[in-house]
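Asks: Got a predicted structure here, sequence first:
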Amino acid sequence: MCGIIGYTGNSQALPVLIQGIRLLSYRGYDSAGVSVWRAGALHVRRDPGRIEDLAPGWDPDALAGTTGVGHTRWATHGVPNRVNAHPHSDADGAVALVHNGIVENDLALRKELEADGVKFTSDTDTEVLAHLFARAFRGDPVAAARDLLRRCRGQFALAIQHRDLPHTLLAVRRGSPLLIGLGVRENLVASDLRPLVGRADRVLDMGEDEIAVVTPTTVELFDAAGAPVVREPRPVDHTEREIGKDGHAHFMLKEMHEQPHRLYELVASRVDSDGRLVRFDDVGIDDDAWRRFSRVDLVGAGTAYHACLYGAQVIETLARIPARAVMSHEYAAAQPVLGPDVLVIAVSQSGETMDTKVALEAALEGDAATLGVLNVRQSVIGRMAGGVMDLHAGPEISVASTKAHTSMLCALALLALKAAQARGVTSTPYGDIARALWALPDAVRMALADFGAAAEAARDVRRADHMLYLGRSWDSSTALEGALKMKEISYIHAEGYAAGELKHGPIALVSREVPTVAIVTPGRMRERMLGNVREVRAREGEILIVASKDDEEARFLADFVLPVPTLDERIAPIVNVVPLQVLAYETARLRGCDIDQPRNLAKTVTVQ
Ligand code: F6R
């Protein structure tokens with residue numbers, strides 16, 4: 001988590017650092033800070049709050065200088081206040097250090113330093129690094145950085161300045177990503193590409209346990225033993241440039257409206273209209289491999305895990321391979337039985353989620369075949385996985401994932417179709433599935449056009465403290481996702497259940513004050529879902545139903561109908577989730593919540 005930016009060149013560092021922090025705020029936004037070298041000293045400013053509010057108060061004269069580091073924080077160790085904000089320094093102010101990740105042996109190191117007379121001013125693990133670096137520095141930054149790598153356990157990315165090195169940044173990477181951006185008489189350090197675009201034309205990916213010494217005109221790379229490393233930089237991918245809201249009030253709104261187009265591109269790039277040709281030459285799994293697999297494990301977290309639940313069902317149903325979804329943070333600990341006949345699919349928008357990376361590591365150690373279903377190909381997981389299926393959903397800025405989620409579902413359905421084809425599964429109705437996939441972009445467009453229905457329901461549920469979401473079979477994961485969207489942006493406590501569970505406990509919660517959302521679209525489970533709806537009704541519960549526009553029965557039973565077009569039930573979850581996104585969005589808006597940056601969350605979770 002957190003975001004790192006460093007700059008050294010001919011321009012003033014402060015505006016570059018502030019802009020970098022702004023672009024990195026999707027990684028965390030509890031507090032922010034900068035340090036700039038000027039006249040033999042490091043000048044530090046750090047505050048709790050968001051960069052939009054903080055930057056106007058940071059004095060450009062006090063922070064004048066052409067070399068500096070900046071940071072935006074998502075708190076792991078210590079509350080988000082000024083003393084815990086980065087950069088951190090030693091007692092003399094000789095060092096300014098910003099940090100992403102976690103030092104796992106920080107308590108032991110802290111004790112050792114305290115025994116030696118060091119006084120700590122913050123609750124962070126990062127301060128340990130600043131003191132250790134300051135004490136190890138004897139004029140050679142690489143030697144001091146090697147000392148850090150030797151003594152610290154965990155995953156971390158660091159950008160460091162030392163008072164004695166006026167135009168130098170030091171970058172250290174273990175586990176967490178760190179990039180060096182190469183510009184003209186200026187170089188940058190950043191935890192991802194976004195703040196580098198527009199300043200750097202090439203980028204150097206730092207490898208594991210590497211150290212970089214960066215000046216305006218030179219970059220030297222070293223390994224943990226201090227030996228020089230030679231690596232060719234790659235050109236900067238300009239499609240990752242900062243994007244605006246295109247006139248929408250929030251990124252979430254813009255991203256919801258992008259879904260029809262993104263889904264169209266995904267379908268059109270993979271399948272012809274009758275489903276006979278499913279193109280997958282680029283994902284690194286050939287037909288023989290598909291025939292060999294005896295099991296597919298899908299791993300992901302949060303919204304991506306919900307996509308895994310759908311993915312497991314669609315792969316097992318269409319391709320007849322046993323498939324299961326496992327929360328990525330539970331995967332390695334469960335000691336799965338692995339081998340070359342198991343395919344592990346890591347599903348992730350960012351490709352940087354630490355939990356999912358660790359699950360993928362377990363898969364690789366177990367000799368399983370691996371595939372990343374990712375929105376960022378050039379990501380940590382993208383580089384580790386045996387193959388990558390790119391979602392091509394475009395940058396997703398809103399913390400609450402929408403377009404990446406529907407693209408994940410669509411990609412997994414396409415993958416299932418491909419696997420079915422490769423395995424020669426005769427029971428799969430390829431034409432029906434292909435038609436439903438082709439109908440998807442318009443169906444999502446129509447669901448979005450009915451925005452008003454969800455907006456009206458939101459005017460009612462905005463007053464709720466608790467909500468229930470119910471779905472069955474294909475839509476049980478839709479219920480989980482709807483509830484997650486609601487809780488993360490509106491702060492209403494929402495629980496999603498496979499509706500069969502209702503009688504086994506959750507029905508105790510049903511009351512007029514707890515709105516229940518039920519997904520009752522056509523399919524094998526419709527009658528049973530209607531049974532659940534009646535059970536809720538009989539207990540005077542308020543009911544919102546996701547149903548076909550012309551479903552009279554649903555209309556009769558519901559307080560509010562969230563209409564969706566009818567699709568094959570195996571593909572329908574991709575459209576059924578859309579009114580639930582809108583409901584969460586509108587509810588959060590009416591409750592005055594910060595939709596794109598909800599409290600306590602971060603877009604990319606790079607700690608376990
Ligand atoms: C919720 C949300 C999170 C992410 C989760 C995994 O809207 O976005 O639950 O889905 O943190 O992130 P990725 O997909 O980047 O691995």
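Replies: Received it, and whenever you're ready, just let me know what you need.
Asks: per-domain residue ranges of this structure.
Replies: Structural domains annotated on the chain: 3-242, 252-446, 450-590, as defined by automatic domain parsing.
Asks: Quickly check: the second one near the ligand or not.
Replies: Yes. Judged by CB under 6 Å from any ligand atom, domain 252-446 and the ligand are in contact via Ala301, Gly302, Thr303, Ala304, Ser348, Gln349, Ser350, Thr353, Thr356, Ala400, Ser401. Just so you know, the C-beta spots here come from the backbone N, C-alpha and C atoms, and that holds for glycine as well.
Asks: dump the residue contacts of whichever residue of the stretch 501-608 of the chain sits closest to the ligand.
Replies: Of the residues in the stretch 501-608 of the chain, the one nearest the ligand is Val605, at a distance of 4.7 Å by CB to the nearest ligand atom. Val605 makes contact with Met1, Ala301, Thr353, Met354, Asp355, according to CB atoms under 8 Å, 6 or more residues apart in numbering.
Asks: Show the backbone phi and psi for it.
Replies: Dihedral angles phi and psi of Val605 (degrees, to the nearest 10) take the values phi -100, psi 90.
Asks: And Ala411, by the same measure?
Replies: Per degrees, to the nearest 10, the residue geometry at Ala411, taken as phi and psi, is phi -60, psi -40.
Asks: can you pull the pLDDT of it?
Replies: The model reports Ala411 with a pLDDT of 97.
Asks: Now Leu298, what are its backbone angles?
Replies: Backbone dihedrals for Leu298, given as degrees, to the nearest 10, come out at phi -110, psi 130.
Asks: Also Asn187?
Replies: Torsion angles at Asn187 (phi, psi; degrees, to the nearest 10) stand at phi -130, psi 160.
Asks: what sits against the residue of the chain found nearest the ligand?
Replies: Of all residues in the chain, Gly302 sits closest to the ligand, with a separation of 1.9 Å (CB to the nearest ligand atom). With contact taken as CB under 8 Å, 6+ apart, Gly302 is in contact with Ser401, Leu484.
Asks: swap the cut-off to 7 Å and go again
Replies: For Gly302, the contact set (CB atoms under 7 Å, 6 or more residues apart in numbering) comprises Leu484.
Asks: Leu562 in helix, strand or coil?
Replies: Under the three-state scheme (DSSP: H, G, I helix; E, B strand; the rest coil), Leu562 adopts strand.
Asks: Isn't it up against Val546?
Replies: Yes. The pair formed by Leu562 and Val546 meets the contact definition of CB atoms under 7 Å, at 4.7 Å.
Asks: Okay, helices next: where are they in the stretch 501-608 of the chain?
Replies: Ranges of helices within the stretch 501-608 of the chain are 526-538, 552-557, 573-590, based on DSSP state H, counting those that start in this stretch.
Asks: so which of the ones you listed comes closest to Val236?
Replies: The stretch from the helices of the stretch 501-608 of the chain with the least distance to Val236 (CB to CB) is helix 573-590; that distance is 31.9 Å.
Asks: and that closest one, what does it pack onto?
Replies: helix 251-257, helix 403-422, helix 430-449, helix 451-461, helix 476-490, strand 560-564 (3 or more CB pairs under 7 Å, 6 or more residues apart in numbering; DSSP states H and E).
Asks: how about it as PDB, C-alpha atoms only?
Replies: What follows is helix 573-590 as a C-alpha-only set of coordinates in PDB (Å, rounded to 0.1, in the frame of the first residue of the first chain):
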ATOM      1  CA  PRO A 573     -24.600 -12.300 -13.400                       C
ATOM      2  CA  ILE A 574     -22.500  -9.900 -15.500                       C
ATOM      3  CA  VAL A 575     -25.500  -7.700 -16.100                       C
ATOM      4  CA  ASN A 576     -27.300  -8.400 -12.800                       C
ATOM      5  CA  VAL A 577     -24.500  -6.900 -10.800                       C
ATOM      6  CA  VAL A 578     -24.900  -3.500 -12.600                       C
ATOM      7  CA  PRO A 579     -28.100  -2.200 -10.800                       C
ATOM      8  CA  LEU A 580     -26.400  -3.200  -7.600                       C
ATOM      9  CA  GLN A 581     -23.400  -1.000  -8.400                       C
ATOM     10  CA  VAL A 582     -25.800   1.800  -9.200                       C
ATOM     11  CA  LEU A 583     -27.800   1.300  -6.000                       C
ATOM     12  CA  ALA A 584     -24.600   1.400  -3.900                       C
ATOM     13  CA  TYR A 585     -23.400   4.500  -5.800                       C
ATOM     14  CA  GLU A 586     -26.600   6.400  -5.400                       C
ATOM     15  CA  THR A 587     -27.000   5.500  -1.800                       C
ATOM     16  CA  ALA A 588     -23.500   6.600  -1.000                       C
ATOM     17  CA  ARG A 589     -24.100   9.800  -2.900                       C
ATOM     18  CA  LEU A 590     -27.200  10.600  -1.000                       C
END
